[in-house]
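Novice: with the input below, show me the fold.
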Amino acid sequence: MTYYGGKELANAFRTVRKNTIQIAQDIPEDKYEFKPSADSRSVKQTLAHIATLTTFPTMLHGERIPVGQINFMEYMKKVADEEAKLQTKAQIIAKLTNDGEAFAKMLEGLNDETFLAEEIVFGPNAQPPSRTRFDLLLAAKEHEMHHRAQLMLIERMLGIMPHLTREANARMARFQQQAQEAAKA
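Specialist: Take a look at the predicted model:
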């Protein structure tokens with residue numbers, strides 16, 4: 001028996017995506033072209049990348065297309081074209097919202113332990129040569145968190161306090177207020 005299946009993956013992914021959308025909302029659109037270095041993605045490019053990153057796991061696990069039948073060069077071009085279409089803050093937030101929820105709903109339906117434990121073989125030259133479906137689905141969330149961390153650092157560079165820091169500071173202030181009130185009592 002497993003304690004972490006499709007429903008838990010979906011809930012965890014929704015939390016990650018909610019935080020990504022908050023960052024997309026917090027960064028002003030006039031800062032979407034900002035790049036922390038010349039060879040980095042801009043804020044807009046990073047958010048567009050995140051917005052499209054569920055395409056592959058949806059194909060592999062939702063549509064159940066065997067990895068050997070995926071033309072990766074064609075797939076990469078399709079994703080690059082999809083990212084390039086996302087030009088405005090509103091388009092990016094809509095894509096993050098809609099595709100994120102569609103992916104989460106797909107995850108909710110994947111509660112068959114046998115399916116989640118199935119190994120996907122990528123080939124002898126791949127590193128690693130195979131991974132379980134569960135691991136690959138978890139990797140989609142981890143991939144988004146990786147890029148979200150980059151965006152949080154960019155927020156700092158732009159003079160924006162990330163929302164998670166603001167929330168942690170507010171919690172700490174409440175704890176301190178409660179401690180002061182308790183000390184007076």
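Novice: next, residue 44: secondary structure please.
Specialist: When classified by DSSP: H, G, I helix; E, B strand; the rest coil, residue 44 comes out as helix.
Novice: next up, phi/psi of the residue nearest to it when sequence neighbours are not counted, please.
Specialist: Of all residues not flanking residue 44 in the chain, residue 32 sits nearest, at 4.0 Å (Cβ to Cβ, 6 or more residues apart in numbering). Quick note: C-beta positions are derived from backbone N, CA and C, even for glycine. Main-chain torsions, residue 32, degrees, to the nearest 10: phi -70, psi -20.
Novice: pretty sure residue 32 is touching residue 41, no?
Specialist: No: the pair residue 32 and residue 41 does not pass the contact test of Cβ atoms under 8 Å, sitting 11.1 Å apart.
Novice: for the chain, which helix is longest?
Specialist: Counting residues, the longest helix found in the chain (DSSP state H) is helix 133-157.
Novice: just the buried residues of that helix, please?
Specialist: Buried residues in helix 133-157, counted by 16 or more other Cβ atoms under 10 Å: 133-134, 136-138, 140-141, 143-144, 147-148, 151-152, 154-155.
Novice: return the list of helices and strands in contact with that helix.
Specialist: helix 6-26, helix 43-52, helix 55-57, helix 113-117 (3 or more Cβ pairs under 8 Å, 6 or more residues apart in numbering; DSSP states H and E).
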